[in-house]
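1. sequence and predicted structure, then a few things I'm wondering about:
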Amino acid sequence: MVVASPSPTHPENVQFIELPIIDLSAERSKVINLVIKACEEYGFFEVINHGVSHGIITRMEEQGLGFFAKPLGDKQKAGPATPFGYGCKNIGFNGDVGAVEYLMLGTNSLSIVERSYAISNDPKMFSSAVNGYVEAVTGLACEILELMAEGLRVQDSSVFSKMIKDVDNDSIFRLNHYPPILCSNNNNNKDPSFHANKVGFGEHTDPQILTILKSNDVGGLQVKSQVDDGDHGVWVPVPPHPTAFCVNVGDILQVWFHFSIFFFIFPSGKARCHRILLFYLKMGKIVFVYRIKVIK
Ligand SMILES: O=C(O)CCC(=O)C(=O)O
Ligand SMILES: [Fe+2]
């Protein structure tokens, strides 16, 4: 859920804590323990040696940057984001705004092929990059969900991952683009509107099961150190990692964990707030957001 912004963006509320970076190629029982611990402590972690090839990521990056470099009128031909299509500055359904522009897609390969004609001058290239990326990240998502289920000693450890393998699942693939800003390191600016205007994507929790993020080598993502409804906790910046994917446990998975047999692991039943600040962006940022949304 995106909450009302502008949220406080004062640099003094920021603390540098390292979020866990988990090597998925390490010994399985060790990986499982790290995933469970990261979910308990942060609900946010990064994974390396994830099996998604560099080629798949760079191909997607080229196609994404190519789309956002187009004139506004051409981008709008992809249709308004209702929910699939191009959107600019409006995020979510409660009127929150940020400097983000985005392209929202489903994950069904046929629908991606159909939509590509309104998105790209080379639709085959675009749809093949997106479908290759979605297929690889779906595999990663399945692996992470299976690790979680095993760690929680669920009898059928494929219980979550089976749902996203279903072709009719309603997961979302979203490309976010944040423009570069000038004078981005002026931390001493005392004008509150200066800070408020630098929100790329306001403070929110993700409504779905799991979100898997990949960004180019640009910072800006911050995660709240504590789960709460108030103004407690500090913002923890997540520095860009050249190869890692960032994994974020969403509201639905937290609620499931809270009200089900997994009660002991996520006692809060709430996902972590996070946001994107342009304050830290010296160059444009592109982020691929894969959201697992399915509920059957
Ligand atoms: O663009 C990003 O880095 C994160 C966006 C995000 O949090 C979201 O789409 O839910
Ligand atoms: Fe999010």
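-> Received the coordinates, thanks. Ligands and ions are numbered 1, 2, ... in the order given.

2. contacts and neighbour counts: CA atoms only from here.
-> OK.

3. quick one: the top strand by length along the chain to chain centroid distance?
-> Scanning the chain for the strand with the most residues, using DSSP state E, yields strand 96-106. Taking Cα atoms, centre = their mean, to the nearest Å, the mean C-alpha location of strand 96-106 is offset from the chain mean by 12 Å.

4. given it, what are its sheet partners and their directions?
-> Strand 96-106 pairs in its sheet with strand 85-91 (antiparallel), strand 172-178 (antiparallel), by DSSP bridges.

5. what are the contacting residues of that strand?
-> 2-5, 81, 83-91, 112, 170-179, 197-202 (Cα atoms under 8 Å, 6 or more residues apart in numbering).

6. quick one: that strand near ligand 1?
-> No: using Cα under 6 Å from any ligand atom, strand 96-106 never reaches ligand 1; the gap is at least 7.8 Å.

7. helices or strands next to the very next helix or strand once past that strand in the packing?
-> Once the chain leaves strand 96-106, the next helix or strand it forms, by DSSP states H and E, is helix 109-119. Counting contacts by 3 or more Cα pairs under 8 Å, 6 or more residues apart in numbering; DSSP states H and E, helix 109-119 is packed against helix 123-151.

8. flag every residue of the stretch 51-200 of the chain that's near ligand 1.
-> The interface of the stretch 51-200 of the chain toward ligand 1, taken as Cα under 6 Å from any ligand atom, is made up of N176.

9. identify the residue nearest G202 in space, chain neighbours excluded?
-> Residue nearest to G202 in three dimensions, not counting chain neighbours: R275, with 5.2 Å by Cα to Cα, 6 or more residues apart in numbering.

10. what sits against N33?
-> Residues near N33 by Cα under 8 Å, 6+ apart: G151.

11. could you give me the buried positions within the helix or strand harbouring it?
-> According to DSSP H and E, N33 maps onto helix 28-41. Buried residues in helix 28-41, defined by neighbour count with 16 or more other Cα atoms under 10 Å: 31-39, 41.

12. output the residues you listed as TSV; include the columns pLDDT and distance to Y117.
-> Conversion of the buried residues of helix 28-41 to TSV gives the following (pLDDT from 0 to 100; distance: Cα to Cα, whole Å):
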residue	pLDDT	distance to Y117
V31	98	41
I32	95	42
N33	95	45
L34	96	43
V35	93	40
I36	88	42
K37	88	44
A38	88	41
C39	84	40
E41	80	44
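
13. any idea which of the residues you listed is closest to ligand 1?
-> Taking Cα to the nearest ligand atom as the measure, C39 is the one of the buried residues of helix 28-41 closest to ligand 1, at 16.8 Å.

14. give the contact list for the residue in the stretch 51-200 of the chain positioned nearest to ligand 1.
-> Proximity of the stretch 51-200 of the chain to ligand 1 (Cα to the nearest ligand atom) peaks at N176, 5.2 Å away. Shown in contact with N176 (Cα under 8 Å, 6+ apart): 100-103, 286-289.

15. lowest-confidence one in those residues?
-> Ranked by pLDDT, the contacts of N176 bottom out at I286, which scores 83.

16. and what about that residue, helix, strand or coil?
-> Three-state call for I286 (DSSP: H, G, I helix; E, B strand; the rest coil): strand.

17. could you find the closest non-adjacent residue to it?
-> For I286, the spatially nearest residue (Cα to Cα, 6+ apart) is H177, at 4.5 Å.

18. also Y133?
-> Using Cα to Cα, 6+ apart, the closest residue to Y133 is I56 (5.8 Å).

19. quick check: the one you found is in a strand.
-> No: if the criterion is three-state DSSP, then I56 is helix and not within a strand.

20. from V289, how far out is it?
-> 15 Å (Cα to Cα, to the nearest Å).

21. check S111 too.
-> 18 Å.

22. next: A26.
-> Distance of A26 to V289, computed by Cα to Cα: 25 Å.

23. follow-up on the earlier one: which among the contacts of strand 96-106 end up buried?
-> Neighbour-count burial (16+ other Cα under 10 Å) applied to those gives 2, 5, 81, 84-91, 112, 170-179, 197-202.

24. shouldn't I36 be in contact with G151?
-> Yes: using Cα atoms under 8 Å, I36 makes contact with G151 at a distance of 6.4 Å.

25. got a list of what P240 touches?
-> Here P240 is in contact with 215-219 (Cα under 8 Å, 6+ apart).
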